[in-house]
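Participant: Need a 3D model of the sequence below.
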Amino acid sequence: MLSDEAKLEKYEFPRFTLSPTEQRSGQRLDQVITQLFFTWAADPDQQLLLRASVSQSALETISRLYRVADLSYPADLFPRARSMKRKVIMHVGPTNSGKTHMALRALAASNSGVYAGPLRLLAHEIWERLNKGQIVPRGMDPEDGSEPDTAINMDIADERGARPTVRKEGSAKYARQCNLRTGEEFRIVSDTAPLMSCTVEMAILDKPLDVAVVDEIQMIADPERGSAWTNAVLGLAAHEIHLCGEETAVPIIQDILKDTGDELVINRYERLTPLDVQKASLDGDLSRIQKGDCLVTFSRNSIFALKKKVEETTGLRCAVAYGKLPPEIRSEQAALFNDPRSGYDVIVASDAIGMGLNLKIKRVVFETVFKYDGKKERPLSVSQIKQIAGRAGRYGLHGSPGGFVATLHEDDMPILRSALTSPADGLICAALDPPAQWMEEVSQILPPMTSAQSLLEVPSYVSKVRPPFRASIPSKLDQLAKFLDTRAGDMLLSEKLMIKNCPVSWQDPVCIDALSRIARLYRTVIRVDLDAVLAVGPFMKTLEMVETMTTQHRANPDTCAQALQTLEDLHKVLVIYLWLSFRHPVAFHAAQEAYEFKLRVEKALEWCLRQLSSKSTNFNFADFGLKTASDRPEYRHRPKSAEARDLTVMMGVAAAKAVSTGTKRRFK
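Facilitator: Residues are numbered from 1 along each chain as shown. Next comes the predicted model:
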């Protein structure tokens, strides 16, 4: 008989313990208990005892499922990378530390390489700069006569007073052919281009390369997208891999590379400019917002309400940036804020400014340090506060280096000070999402009528997964599984998995309705016409109405406010279609048409946003019937002190409510 200690070691019992931090991050006790059951029930010694009460066929199914679903060694899923001795170089540091600089120069110098980043705009930027010769390859001496590129969104080093290696003007001497590959866009400069710039999900993992650069490596723990970073670390077949991001990722990468045998080098960077916490808050007074400020809040409603109030009280004009705004438009808004001639002196933004936007921010002001997560208000993590605050004072963007950070309300200042002097939160795990072939093999073991939810839960409930990995579960799994079972029930598993990976928010009714129409058309006629997808709802009517106003130079601010949400929704639908077209070009054949529509929508969105300034807009608050900030769902769980102070700050909330919900439609 095994001793208790031997049993614990045999079943690797530490895998089944949950720390409070892990529980808060989404790991559930029922998952751990189920994993323990399958580990125990698949043990041949235990099956001898179970045969008295469990059928032989059931025991065989348990054993087979446990064996096939095993994810103990995910590195083995990438044999080409395992056949290499790779050198992994980590460049880690806070925002504005220059940590990406040398990685980009190494990529520019390589015979073959890839940049893999979190956003298609970042991938597009690197693609453009490599082709133009704005990045001086490592080992080459930069020539005189060029200014440093302070507009780049990458975290580059201080090059003032030197011959810059990241240049404002390109040079044919440094130009490298590079193709672009994102979820919605392919751009082929040459079939033989040695370099590729892509979003991390689009990186080709089995292609031999000299250099790979993986940006924002701390996203490896993200429950939604982290598995793409995990796959990149495990699967990129590059001799030299540069991982750029936060210090918090170091322990996770060290653990991962123990199984791969790769060499690890860690380069640490310090912030290039000081970041000063101001002595006091703005005491709730928006008239104290200044030129160069970024006012941070965490809902679309709040952004537009604060924009209106700031413009009314200061006379300054505000650009905006938030997550639901298409990335292209966020970039345009950032350009308006950065341009001293544009008339836009302030930006009101969400945490969307945390990456991918180059912003000439002098001071970050937090309207709140709490964020609604769909259930309740939670304080921002130390990492979130540091990343947002660190956007202030980028080196060389203002006369004197350095940035400032404060809060709008005094009771948030202690939280801000504590976060900026505390070590960043450690990453708990590397997210793991099994490949399609693994899902196919597991599905063959499960009963024929198994639901999509049961199949998608196998990695987290059955699979043997060892630290530092954790099987990820799709957010809103119930809604996703219901869609796959009801709207895509007769599709092949490969087609269901394609839909599962679509860039869709499964709590967004507009996206769900659009994807439902797409699935219905695909099942019935195979070839999905874009006109049929856009035929329901006010999409085209709204776009044409805005375009008419632009050509007639006739701005109706109220109409623009109402059109904004519809145009945002239309852009999301077009992105879904484009994403599908690159995976199934025969069925989704109108990619060029969708791309042209997308450009039209972005132009209309940008024009509408420019009209939503208090200098040209007169909202009729009485039309919207919202009297206090506490009427807003995302504020119902705010601490009372914050809720009370919103009554004085959020005077423009009725206007925001109109922008957010006034014209929102539901498709039949």
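Participant: okay, CA-based contacts and neighbour counts for the rest of this
Facilitator: Fine.
Participant: Now do Thr486: how many residues are near it, please.
Facilitator: Using other Cα atoms under 10 Å, Thr486 has 11 other residues around it.
Participant: actually Ala69, not the one I wrote
Facilitator: The number of residues near Ala69, taken as other Cα under 10 Å, comes to 21.
Participant: Equivalent analysis for Gln592, please.
Facilitator: 11.
Participant: Repeat that for Val136.
Facilitator: Counted with other Cα under 10 Å, the neighbours of Val136 add up to 27.
Participant: again, but for Ile385
Facilitator: 21.
Participant: Give the closest residue to it in space, chain neighbours not counted.
Facilitator: Taking Cα to Cα, 6 or more residues apart in numbering, and ignoring the residues beside it in sequence, Ile385 has Ala419 as its nearest neighbour in space, at 6.7 Å.
Participant: tell me which element the one you found falls in.
Facilitator: helix 413-420 (DSSP states H and E).
Participant: Show me how far that helix is from its chain's centre.
Facilitator: Chain-centre distance of helix 413-420: 25 Å, with Cα atoms, centre = their mean, to the nearest Å.
Participant: Parallel or antiparallel, list what pairs with the helix or strand following it.
Facilitator: Counting by DSSP H and E, the next helix or strand C-terminal to helix 413-420 is strand 430-432. Looking at strand 430-432 with DSSP bridges, its partner strands are strand 469-471 (parallel).
Participant: what is the mean pLDDT for the partner strand?
Facilitator: Strand 469-471 carries an average pLDDT of 92.
Participant: Start the count at 9 instead of 1 going forward.
Facilitator: Okay, using 9 as the starting number, the last item reads as strand 477-479.
Participant: who touches the next helix or strand after it?
Facilitator: Note on strand 477-479: by DSSP H and E, the next helix or strand toward the C-terminus is helix 485-494. Residues from elsewhere that reach helix 485-494 (Cα atoms under 8 Å, 6 or more residues apart in numbering): 459-461, 504, 508, 514-515.
Participant: And these, which is closest to Gly147?
Facilitator: Using Cα to Cα, Lys508 comes nearest to Gly147 of these, at 44.0 Å.
Participant: pretty sure Val413 belongs to a strand, no?
Facilitator: Yes - judged by DSSP: H, G, I helix; E, B strand; the rest coil, Val413 forms part of a strand.
Participant: That one contacts Ile393, correct?
Facilitator: No - with contact defined as Cα atoms under 8 Å, Val413 does not reach Ile393; the gap is 10.3 Å.
Participant: measure Gln185 to Asp539 for me?
Facilitator: According to Cα to Cα, to the nearest Å, Gln185 and Asp539 sit 36 Å apart.
Participant: Enumerate every residue touching the residue lying closest to Ala201 once chain neighbours are set aside.
Facilitator: Leaving aside its sequence neighbours, Ala201 sits nearest to Gln185 (Cα to Cα, 6+ apart; 5.0 Å). Contacts for Gln185 (Cα under 8 Å, 6+ apart) come out as 138-139, 197-198, 201-203.
Participant: and Gln185, what are its phi and psi?
Facilitator: Note on Gln185: backbone dihedrals following degrees, to the nearest 10 are phi -70, psi 130.
Participant: Look at it and report its pLDDT.
Facilitator: In this prediction, Gln185 carries a pLDDT score of 98.
Participant: Quick one: buried ones out of the contacts of helix 485-494?
Facilitator: By neighbour count, with 16 or more other Cα atoms under 10 Å, the contacts of helix 485-494 hold 460-461, 504, 508, 514 as buried.
Participant: can you put those residues in TSV and add distance to Cys437, pLDDT and secondary structure?
Facilitator: Below are these laid out as TSV (distance: Cα to Cα, whole Å; pLDDT from 0 to 100; DSSP: H, G, I helix; E, B strand; the rest coil):
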residue	distance to Cys437	pLDDT	secondary structure
Ala460	25	95	helix
Gln461	23	94	helix
Lys504	27	95	helix
Lys508	22	93	helix
Trp514	24	89	coil
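Participant: and the most centrally placed residue in the chain, what does it touch?
Facilitator: In the chain, the residue lying closest to the centroid (Cα atoms, centre = their mean) is Pro126, at 6.2 Å. Pro126 sits next to 207-208, 223-224 when contact means Cα under 8 Å, 6+ apart.
Participant: Much appreciated, bye for now.
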